[in-house]
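Chemist: Kindly generate the corresponding structure for this input.
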Amino acid sequence: MQEAALETDREEGENLFLTFLLGQDVFAIAIDYVSEIVQLQPIVPVPQQQAFMKGVMNLRGDIIPVIDLKQRLRGEETRPTDRTCIVVTNIGGERAGMMVDNVSEVANIPPADIMPMTDSGTNGDGCICAMAKSGDGVRMVLDCGAVLGQGAFGAGGASAALTE
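Modeler: Modelled structure (predicted):
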């Protein structure tokens with residue numbers, strides 16, 4: 001169902017992003033970071049982690065850390081529904097899952113419609129790297145490295161969450 005959203009043939013010059021909802025807010029991440037989208041899986045809690053670090057899941061033999069992205073960005077825990085899913089990312093060879101409310105689409109966002117965030121203090125820990133125009137609305141573009149990196153799991157990134 002949701003995996004079909006990733007089965008797109010990229011045309012020359014396309015700037016593809018996976019868009020998804022956290023509550024009413026629309027977010028986007030570069031499709032290059034997305035490995036797959038899976039339905040909500042059983043998650044085993046890992047002791048002594050930050051609240052948004054939900055634990056780990058076994059995905060076809062791979063142990064993958066999972067964060068609640070809404071809790072990471074908004075401070076409110078996701079209430080799972082039948083549309084809740086996990087976006088599995090691969091950043092520099094490290095895989096991690098982000099629980100989201102609902103995957104929307106794979107969208108081609110022209111570079112002219114993307115406005116980088118400035119360092120004016122409005123971006124907190126750097127998780128939102130840009131804003132993208134979308135009709136009358138705005139999509140917030142996430143920096144996956146910032147979301148899943150040192151700020152999310154402590155020193156060492158996602159894999160450190162499993163060894164600390």
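Chemist: Okay, buried residues for stretch 62-76 please.
Modeler: Ile64, Pro65, Val66, Ile67, Asp68, Leu69, Lys70, Gln71, Arg72, Leu73 (16 or more other Cβ atoms under 10 Å). Where C-beta positions appear, they are placed from N, C-alpha and C, glycine not excepted.
Chemist: what's the answer for stretch 127-137, then?
Modeler: Cys127, Ile128, Cys129, Ala130, Met131, Ala132.
Chemist: How about stretch 30-42?
Modeler: Ala30, Ile31, Tyr33, Val34, Ser35, Glu36, Ile37, Val38, Leu40, Gln41.
Chemist: Make CSV out of those residues and add secondary structure.
Modeler: Below are the buried residues of stretch 30-42 laid out as CSV (DSSP: H, G, I helix; E, B strand; the rest coil):
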residue, secondary structure
Ala30, strand
Ile31, helix
Tyr33, helix
Val34, strand
Ser35, strand
Glu36, strand
Ile37, strand
Val38, strand
Leu40, coil
Gln41, coil
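Chemist: Hmm, which of the residues you listed is lowest in pLDDT?
Modeler: Confidence by pLDDT is poorest for Gln41 among the buried residues of stretch 30-42, given 91.
Chemist: Find the helix or strand that the nearest residue to Glu105 once chain neighbours are set aside is a member of.
Modeler: Once flanking residues are discounted, Glu105 sits nearest to Thr19: 5.5 Å by Cβ to Cβ, 6 or more residues apart in numbering. Using DSSP states H and E, Thr19 maps to strand 16-22.
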